[in-house]
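Q: got a predicted structure plus its sequence, pasted below:
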Amino acid sequence: MDLLRFATAGNVDDGKSTLIGRLLHDCRALLDDQLDSLRRASNRLGEEGLNLAFATDGLRAERAQNITIDVAYRFFSTGKRRFILADCPGHLGYLPNMVTGLSTANLAVVLVDVRHGLVEQTRRHCFLASLFRISHLVLCVNKMDLVDFAQSAFSEVREQFEAFSQKVAIHDVTVIPMSAKLGDNVVERSATMPWYPGPPLLRHLENVHIASDINQVDCRLPVQISLGPRTWAGRLASGHLCVGDEVALLPGGARAAVAGLTVACRAVAEARAPLSVAVELDHDVDIRRGDLLVRVHNRPDLRDDVDAMVCWFGAEPLVAGRNLRLLHGPRQTRATVSRLDYRFDMQTLSREINPPALCLNDIGRIQLRADQPLCPDRYQDNRATGSFVLVDEANNRTVAACMVR
Amino acid sequence: MTALTHLDLLEAEAIYVLRETAAWFKRPALLFSGGKDSLCMVALALRGFRPGRLPFPLLHIDTGHNFPETLEFRDRLVADIGEELLVRRVQDTVDAGHARDEVGPKASRNLQQTITLLDSVRELGLDALIGGGRRDEEKARAKERIFSLRKDAGGWDPHRQRPEFWLQLNGALCPGEHMRVFPLSNWTELDVWQYIGRERLDIPALYRAHRRRCLRTRAGVLLAESPHLAVEEGETVEELRVRFRTVGDMTCSAAMESGAISVDEIIDEIAAARTSERGLRMDDRRSEAAMEERKTEGYF
């Protein structure tokens, strides 16, 4: 069985929690004691019956305020696939949590209320999904029951979306009319919307093709630790590696051949991303944690200067000259912000050129100068090696998610 | 090449997390109770670090309410793999006056266990504790990070957690902080059992159906008869064919009637189950936010 990771985002009242509750409920992922606990929580807040929305909000503050603050992970499976759902908060104030969910997702589900159409937040969520290179996007046009399941209402939203989606680069977009509350087009095809020819959400999630989401071409193995003489361990970020391959270790450039390869102690002739492996080299070379093992004829450039999109989550504004710790997989170096190129105005999605600073939850493009050379790929070519984070050295907090241009 | 399965992906992720833990921290320890999650973690650690030795000891926080079968299993496993096991006892914490036992008919040592755990962190100078917590277990756990930052006292503050973009783990600590690490974050109970089956891992006999004298509480929960548990009015003791879904503390791990003996039978039973594993633990049934409260106090 394979595994699909997806993220959901929506406005407070778009019915996102209800949709997730419905998916879990109809896939039998909510068990009797969890349903009981849900029923008790619903009753205490004066609701009758079962509020499926409560299935997702785990923290006490969230249940009291009826909002999602943090990413919650949910697990369910069907006969076809295992699913990991990252339920993300929709509010701009919780952007880091949303970015956390998106960063590892194959697919994003964005909800809109059919009566309101595309609102600012929908545009923002779609923009983020495209920025983070999510290959597949599903727009759920929800609350169709409140417009009498009218095709015209759905078409209007879909046209709005199609006009907008030309501005964002997402290859595979699916739009589904839905009533999460009643279950129409969530797990079962809707009987009340026969005019919609496509599959319900769950069928789409089961069948969407994700095998090509990971870069299978460029062999990149960031070295985590040593396991013994000439034996090094790491997780293949992309591509595949074979016994006998001629490899180079960056940034030093030392070369060796792969003498042995194991995956979880099983000897193999070949391994591919994203497996964790141990590599035995044919002779001693100078390696340390954070080096990158690549094939000799396919290697990324070494760079001191990095051009990156950044989502900034630091409490103080980010200004040119700021020093931070940069984590690129297991590789660490100090880096200095040399220039702020632009920031996105999240209301209009237009660019403000040469901004004086990036503030909390701002997204923009910056230039960094690293103390030690890095060997990243471009994010558009390789999500795993084209991303890095920045850490505030004063308090060790992770303050930025970055993507190499 | 054959397609990778969800177990291959979960295994790769867990090994990556364990190796990052070894690299980031000076003195980590792997919490080991002998239960299915911790035996899975030991198996993953062996697969991640052999032919080398494990870069951390195993640590058992012993409530004193163990099933003898679990301790037997624990000692056999540790002897087999030849790695270090440290045991710290709740009884010693109580004897030293750091904690007091609950009194009353369904007294448990769940809260006291947290104090022993935090005492051990200080005594052993641990900067990271690897635990078997899974996000599918409970709704507060669903929000847990893989590297979960704790203050000196071990408390979990959901608002101070670091975002984990692209599984990029940040293990940098300030003085007075330590880390809890959850390599099985994205596993479900079923995944754990499927992995045990695929890897043919040895498990404590308690997980398999056996005959046992059980106490049936008024709420209908079955608990193993033991010296730690007084029979109250309205409760009955009967011999039944049962197995356990969790094997930690005898006083709060509920038994279920079952005939499942092989791992495949156990998997079938869990797949068809209508009750979650936490629903069989008395400690989680105390309040709606029981887990969140205990985590805030430093519980796993």
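A: Arrived safely.
Q: skipping its backbone neighbours, what lies nearest residue A:364 in space?
A: residue A:343 (3.6 Å; C-beta to C-beta, 6 or more residues apart in numbering or on different chains). C-betas here are computed from N, CA, C, even on glycine.
Q: just the helices in the stretch 201-300 of chain B please.
A: Taking DSSP state H, counting those that start in this stretch, the helices of the stretch 201-300 of chain B run over residues B:263-272, B:290-296.
Q: is chain A within reach of the longest one?
A: Looking back up the chat, that one is helix B:263-272. No - using C-beta under 8 Å from any C-beta of the partner chain, helix B:263-272 stays clear of chain A, coming no nearer than 9.5 Å.
Q: please apply the same query to stretch B:41-54.
A: Yes - interface with chain A: stretch B:41-54 contributes B:44, B:46, B:47, B:48, B:49, B:50, B:51, B:52 (C-beta under 8 Å from any C-beta).
Q: one step back: for the helices of the stretch 201-300 of chain B, which has the smallest mean pLDDT value?
A: Of all those, helix B:290-296 carries the lowest average pLDDT, namely a mean of 59.
Q: returning to what we had before: who wins on neighbours among the residues of stretch B:41-54 next to chain A?
A: Neighbours here mean other C-beta atoms under 10 Å in any protein chain shown. Within those, the largest count is held by residue B:48, at 29 neighbours.
Q: SS state for it?
A: Using DSSP: H, G, I helix; E, B strand; the rest coil, the structure places residue B:48 in helix.
Q: quick revisit: quick one: which two of the residues of stretch B:41-54 next to chain A are the most distant?
A: Across the residues of stretch B:41-54 next to chain A, the longest distance by C-beta to C-beta is 15.7 Å; it joins B:44 and B:51.
Q: and residue B:91, what element?
A: helix B:90-95 (DSSP states H and E).
Q: C-terminal to that helix, what's the next element?
A: Next along from helix B:90-95, by DSSP H and E: helix B:110-124.
Q: which strand is the longest one in the chain?
A: Reading this off chain A. Determined from DSSP state E, the single longest strand within chain A is strand A:331-345.
Q: wrong one, I was asking about chain B
A: strand B:236-244.
Q: just the buried residues of that one, please?
A: Residues of strand B:236-244 classed as buried under the neighbour-count rule (16 or more other C-beta atoms under 10 Å in any protein chain shown) are B:240, B:242, B:243, B:244.
Q: any idea which of those residues is closest to chain A?
A: Among the buried residues of strand B:236-244, residue B:244 lies closest to chain A (C-beta to the nearest C-beta), at 16.5 Å.
Q: bridge partners for the closest one, pull those for me.
A: residue B:255 (DSSP bridges).
Q: taking the stretch 51-200 of chain B, what residue is nearest to chain A?
A: residue B:139 (3.5 Å).
Q: where does that residue fall, secondary structure wise?
A: Using DSSP H and E, residue B:139 sits within no helix or strand.
Q: gap between it and residue B:189?
A: 15 Å (C-beta to C-beta, to the nearest Å).
Q: the two: which is more packed in?
A: Taking neighbours as other C-beta under 10 Å, residue B:139 and residue B:189 compare with residue B:139 leading, 26 against 22.
Q: could you report the pLDDT at the more buried one?
A: So, for residue B:139, pLDDT stands at 73.
Q: pretty sure it contacts residue A:70?
A: No - in this structure residue B:139 lies outside contact range of residue A:70 using C-beta atoms under 8 Å: 11.1 Å.
Q: tell me how the chain divides into domains.
A: You didn't say which chain, so I picked chain A. Domain ranges of chain A: A:2-213, A:220-295, A:303-404, per automatic domain parsing.
Q: meant chain B actually
A: In the recorded assignment (automatic domain parsing), chain B comprises B:6-191+B:289-296, B:204-285.
Q: who in the stretch 301-405 of chain A is up against chain B?
A: Neighbours of chain B within the stretch 301-405 of chain A, by C-beta under 8 Å from any C-beta: A:313, A:325, A:327, A:329-330, A:383-384, A:387-389, A:391, A:395-398, A:401.
Q: nearest to residue B:115, of those?
A: Closest to residue B:115, out of all of those and judged by C-beta to C-beta, is residue A:396, at 26.9 Å.
Q: for chain A, what spans make up the helices?
A: A:16-26, A:32-44, A:60-65, A:95-103, A:120-131, A:151-165, A:201-207 (DSSP state H).
Q: Throw these into JSON lines and include distance to chain B, thanks.
A: Listed next are these as JSON lines, based on distance: least, C-beta to the nearest C-beta, whole Å:
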{"stretch": "helix A:16-26", "distance to chain B": "11"}
{"stretch": "helix A:32-44", "distance to chain B": "3"}
{"stretch": "helix A:60-65", "distance to chain B": "5"}
{"stretch": "helix A:95-103", "distance to chain B": "4"}
{"stretch": "helix A:120-131", "distance to chain B": "12"}
{"stretch": "helix A:151-165", "distance to chain B": "25"}
{"stretch": "helix A:201-207", "distance to chain B": "14"}
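Q: many thanks, have a good one.
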